[in-house]
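Enquirer: Provided below for reference: sequence and predicted model.
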Amino acid sequence: MDAGAAMAAGPLACRAGRRQAVGAVRAARRRGAPRHALWRAPWRPPGHAPWHGLWRVAAAILLAGCAHWPGPPADIGGTADVVLDGRATRADLYRPLGVPHPALAVVLAHGYSRSRANMAGHAERLAREGVLAVAPDLPYGSDVEGNARALADLVRQLLAGTFAAPVSQVVLVGFSAGGLAAVLAAPTPGVAGFVGLDPYDRPSGLGRQAAATLQRPAALLRAPPSACNGQAAAAPWAAVLPRLDVDRLFEGASHCDFESPTDWLCSLACGAPDAARQQAIADELLRVLQRWREAPGP
């Protein structure tokens with residue numbers, strides 16, 4: 001089923017896609033596939049051809065049938081059609097009530113195979129605390145360099161007031177692979193800081209190399225090593241970030257605790273979230289941003 005047909009089919013396709021996704025992943029797990037193989041196949045079950053990116057296939061089935069996202073609450077935001085680095089996409093804007101011209105914007109970048117919907121909880125809370133929050137759908141899929149260019153373009157548009165009142169500075173917040181894209185984009189002029197929410201790094205150390213030269217305030221909020229964060233692949237960033245402000249490890253946290261909201265898809269792959277941990281992570285994110293807002297500047 002292609003995405004257009006699934007969207008046209010509506011809720012029935014959503015439920016059917018969910019059943020197919022769950023069935024495919026459970027079948028792989030029964031045959032011994034580790035969780036990381038579902039994300040980063042090929043994995044070869046005994047006597048069979050490799051299963052390439054099975055989890056990506058399952059996620060695509062699901063997202064094709066269930067992709068509708070209503071956007072932010074009407075009292076604080078709306079959805080904009082935007083072009084980032086030449087690619088059309090959408091971004092949700094969460095405007096702070098009573099602050100017609102906020103000086104600071106926070107961009108929230110989702111992880112791989114996720115969407116702006118998975119940053120909505122963080123964005124809404126920040127808006128209700130007086131911050132302009134923007135949650136885009138990253139347009140380049142697994143291409144983190146492309147997504148970094150898209151984030152840099154979004155920063156420039158926010159500074160110019162292309163689709164909202166112009167701001168003077170932007171903080172980039174990224175979850176998982178969105179954290180890698182965000183640290184790559186963080187040197188963009190006008191960026192006042194970077195926050196990684198259990199960010200991921202490539203085995204090549206692409207993010208570590210970028211972190212080592214980043215002359216911006218930075219914060220890392222991390223989970224213990226797991227397959228879903230590449231066995232804490234971004235933990236070495238803490239040793240090289242020149243202006244590291246916070247490096248906090250949340251003991252016992254799941255990768256999914258750093259999304260808001262997360263869903264059954266992340267839980268199935270990466271472990272169940274915990275409401276108390278999610279609240280603690282959201283509180284720490286807000287504390288970091290409030291401190292930077294009181295003393296802005298790269």
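Expert: Done, it's in.
Enquirer: Any buried residues in stretch 162-170, and which?
Expert: A164, V167, Q169, V170 (16 or more other CB atoms under 10 Å). Quick note: C-beta positions are derived from backbone N, CA and C, even for glycine.
Enquirer: I figured the first one hits L154, correct?
Expert: No: in this structure, A164 is not within contact of L154 by CB atoms under 8 Å, at 10.8 Å.
Enquirer: so what's in contact with these two at the same time?
Expert: The overlap between the contact sets of A164 and L154 (CB atoms under 8 Å, 6 or more residues apart in numbering) consists of V134.
Enquirer: thinking again about what came up before, just put the buried residues of stretch 162-170 in CSV and tack on secondary structure.
Expert: Below are the buried residues of stretch 162-170 laid out as CSV (DSSP: H, G, I helix; E, B strand; the rest coil):
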residue, secondary structure
A164, coil
V167, coil
Q169, strand
V170, strand
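Enquirer: among the residues you listed, which two are most distant?
Expert: A164 and Q169 (13.8 Å; CB to CB).
Enquirer: Can you pull the residues that touch both of the two?
Expert: The overlap between the contact sets of A164 and Q169 (CB under 8 Å, 6+ apart) consists of A105.
Enquirer: Where do the strands of the stretch 101-250 of the chain begin and end?
Expert: Secondary structure of the stretch 101-250 of the chain (DSSP state E, counting those that start in this stretch): strands at 104-109, 132-136, 169-175, 191-197, 218-222, 244-249.
Enquirer: can I get those strands in a markdown table with mean pLDDT and distance to V183?
Expert: Shown next, in a markdown table, are the strands of the stretch 101-250 of the chain (pLDDT from 0 to 100; distance: least, CB to CB, whole Å):
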| stretch | mean pLDDT | distance to V183 |
| --- | --- | --- |
| strand 104-109 | 96 | 10 |
| strand 132-136 | 96 | 16 |
| strand 169-175 | 97 | 7 |
| strand 191-197 | 97 | 6 |
| strand 218-222 | 98 | 8 |
| strand 244-249 | 98 | 12 |
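Enquirer: remind me which residues of the stretch 151-298 of the chain are low pLDDT?
Expert: Within the stretch 151-298 of the chain, the segments meeting pLDDT under 70 span 295-298.
Enquirer: Please tell me I have it right and L289 contacts L108.
Expert: No: counting by CB under 8 Å, L289 sits too far from L108 to count as a contact (10.9 Å).
Enquirer: Between these two, point out the one with more neighbours.
Expert: A side-by-side neighbour count of L289 and L108, using other CB atoms under 10 Å, places L108 first with 30 against 22.
Enquirer: What residues are bridge-paired with that one?
Expert: Beta-bridge pairing of L108 under DSSP bridges involves V173.
Enquirer: cool, and F194?
Expert: Applying DSSP bridges, one finds that F194 bridges with L172, A218.
Enquirer: quick one: G121 from D263, how far?
Expert: 11 Å (CB to CB, to the nearest Å).
Enquirer: what's the answer for A182, then?
Expert: 21 Å.
Enquirer: between the two, who's got more neighbours?
Expert: A182 (29 against 15).
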